[in-house]
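S.K.: structure for this input, please:
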Amino acid sequence: MQNLSYYLQLLLSGVTVGSLYALIAIGYTMVYGILRLINFAHGDIFMMAGFFMIYIVSSGIPMYISIPLVLILTVVLGVVIERVAYKPLRNAPRMSIMISAIGVSYLLQNFATYFTGGLAKPYPTIPFISNGITVFGVSTKVITIITPILTILLVIALVILIKRTKIGMGMRAVSKDFETSQLMGIKINSVISMTFIIGSFLAAVGSILYFSYYEQVTPTIGAMPGLKAFVAAVFGGIGSIPGAVIGAYIIGVCETFIKSNSDYSIFSNAFTFALLIIILVLKPNGLFGEKLSEKV
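M.R.: Now for the predicted structure:
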């Protein structure tokens with residue numbers, strides 16, 4: 001019975017970690033689906049959302065105002081990055097815009113390092129979600145239960161938005177054929193801006209949940225979750241939202257079980273990237289990805 005409780009606790013932790021990766025992975029897969037761009041700065045937008053929360057709360061603003069403010073600031077940051085770093089290069093060779101994304105990533109990391117001194121900052125405790133709870137005899141935090149539920153609800157809402165709304169139809173059209181959509185009168189800039197708004201919003205939600213779980217923020221902390229979320233997006237089929245979510249859950253659960261074994265925990269990160277290599281070799285388009293003329 002004790003072993004069952006232990007493995008159930010590991011499973012809950014894995015699902016939580018997978019949910020956090022999923023919220024970041026959706027941003028990668030949406031931007032790639034429309035612009036064919038791997039937004040390498042996405043993990044650092046996630047990191048900046050963590051610092052936004054720290055400095056907003058430390059200034060004395062109540063939590064019920066701080067959380068919406070963090071969401072708004074993160075969305076604004078994502079849109080500004082798109083307008084300043086990506087939009088001017090929309091007709092440039094794809095390598096140029098990818099280099100720009102890498103440059104933005106390092107810019108955000110250095111910006112955060114300058115203002116924080118490069119030291120880890122404790123993340124503020126959010127009431128209720130940090131409380132303890134017992135589920136099926138397993139002691140855990142409320143956030144472990146809330147994270148997967150909230151992630152699934154957000155994914156369902158996003159799928160409905162893409163399938164049932166005008167802006168969602170525009171996103172689907174642009175993802176199929178960028179040039180033809182432009183000729184058909186679809187407002188490309190509005191579609192791209194909405195894509196970055198949604199991606200940044202989900203990164204901000206993921207940031208709040210992630211740092212409430214891990215409890216500290218550093219200037220480079222967005223790099224590894226960002227890369228793992230990218231692997232999840234590729235694993236599921238980059239451009240496919242359900243695929244990114246499923247890929248994130250698989251990686252999160254496997255990573256948690258590997259870390260639980262002291263002999264193999266050092267290989268937890270290696271597993272993720274080994275999985276990326278295997279997927280690219282055996283199935284370049286991922287589990288649910290469409291066949292494209294270019295491979296990720």
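S.K.: and the next element down the chain from the lengthiest helix in the chain?
M.R.: Assignment by DSSP state H gives helix 2-35 as the longest helix of the chain. Counting by DSSP states H and E, the next helix or strand C-terminal to helix 2-35 is helix 42-58.
S.K.: could you pull out the buried residues of that following helix?
M.R.: By neighbour count on 16 or more other C-beta atoms under 10 Å, the buried set for helix 42-58 is 42-54, 56-57. All C-beta atoms are positioned from the backbone trio N, CA, C, and that covers glycine.
S.K.: go on, stretch 236-254?
M.R.: For stretch 236-254, by 16+ other C-beta under 10 Å, it's 236-241, 243-254.
S.K.: re earlier: mean confidence for the longest helix of the chain?
M.R.: Helix 2-35 shows an average pLDDT of 84 in the prediction.
S.K.: for it, name the packing helices and strands.
M.R.: helix 42-58, strand 138-141, helix 142-164, helix 166-176, helix 188-214, helix 223-236, helix 241-259 (3 or more C-beta pairs under 8 Å, 6 or more residues apart in numbering; DSSP states H and E).
S.K.: next one: it to chain centre, how far?
M.R.: 10 Å (C-alpha atoms, centre = their mean, to the nearest Å).
S.K.: now stretch 238-258
M.R.: On C-alpha atoms, centre = their mean, the centre of stretch 238-258 falls 11 Å from the chain's centre.
S.K.: send the alpha carbons of it over as CSV?
M.R.: Output of stretch 238-258 as CSV, limited to C-alpha atoms (Å, rounded to 0.1, in the frame of the first residue of the first chain):
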residue,chain,number,x,y,z
ILE,A,238,4.6,20.9,-33.9
GLY,A,239,1.6,22.8,-35.1
SER,A,240,-0.8,20.5,-33.3
ILE,A,241,-2.1,21.8,-30.0
PRO,A,242,-3.4,18.4,-28.8
GLY,A,243,-0.2,16.8,-29.9
ALA,A,244,1.9,19.4,-27.9
VAL,A,245,-0.2,18.7,-24.8
ILE,A,246,0.1,14.9,-25.1
GLY,A,247,3.8,15.2,-25.7
ALA,A,248,4.2,17.4,-22.6
TYR,A,249,2.4,14.9,-20.4
ILE,A,250,4.5,12.0,-21.6
ILE,A,251,7.7,14.0,-21.0
GLY,A,252,6.5,15.2,-17.6
VAL,A,253,5.6,11.8,-16.3
CYS,A,254,8.7,10.0,-17.6
GLU,A,255,11.0,12.7,-16.3
THR,A,256,9.4,12.6,-12.8
PHE,A,257,9.8,8.8,-12.6
ILE,A,258,13.4,9.0,-13.8
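S.K.: what angle do the longest helix of the chain and helix 223-236 make?
M.R.: 80 degrees (axes from the mean of the first three to the mean of the last three C-alpha atoms, to 10 degrees).
S.K.: show me which residues of helix 2-35 are buried.
M.R.: For helix 2-35, by 16+ other C-beta under 10 Å, it's 9-10, 12-35.
S.K.: if we can go back for a sec, by mean pLDDT, show me the worst of the helices and strands packed on helix 2-35.
M.R.: Looking at the helices and strands packed on helix 2-35, the bottom one is strand 138-141 with a mean of 72.
S.K.: what comes into contact with that one?
M.R.: 5, 8, 9, 12, 13, 129, 130, 131, 132, 133, 134, 213 (C-beta atoms under 8 Å, 6 or more residues apart in numbering).
S.K.: over to stretch 52-69?
M.R.: 70, 73-74, 121-124, 126-127, 207-208, 211, 217.
S.K.: which of those residues has the largest number of neighbours?
M.R.: Greatest neighbour count in the contacts of stretch 52-69, by other C-beta atoms under 10 Å, goes to residue 207: 30 neighbours.
S.K.: in contact with the residue nearest to that one when sequence neighbours are not counted, which residues?
M.R.: Residue nearest to residue 207 in three dimensions, not counting chain neighbours: residue 49, with 3.6 Å by C-beta to C-beta, 6 or more residues apart in numbering. Residue 49 makes contact with 70, 73, 74, 203, 204, 207, 208, according to C-beta under 8 Å, 6+ apart.
S.K.: of the residues you listed, closest to residue 279?
M.R.: Nearest to residue 279 out of the contacts of residue 49 is residue 203 (C-beta to C-beta; 23.2 Å).
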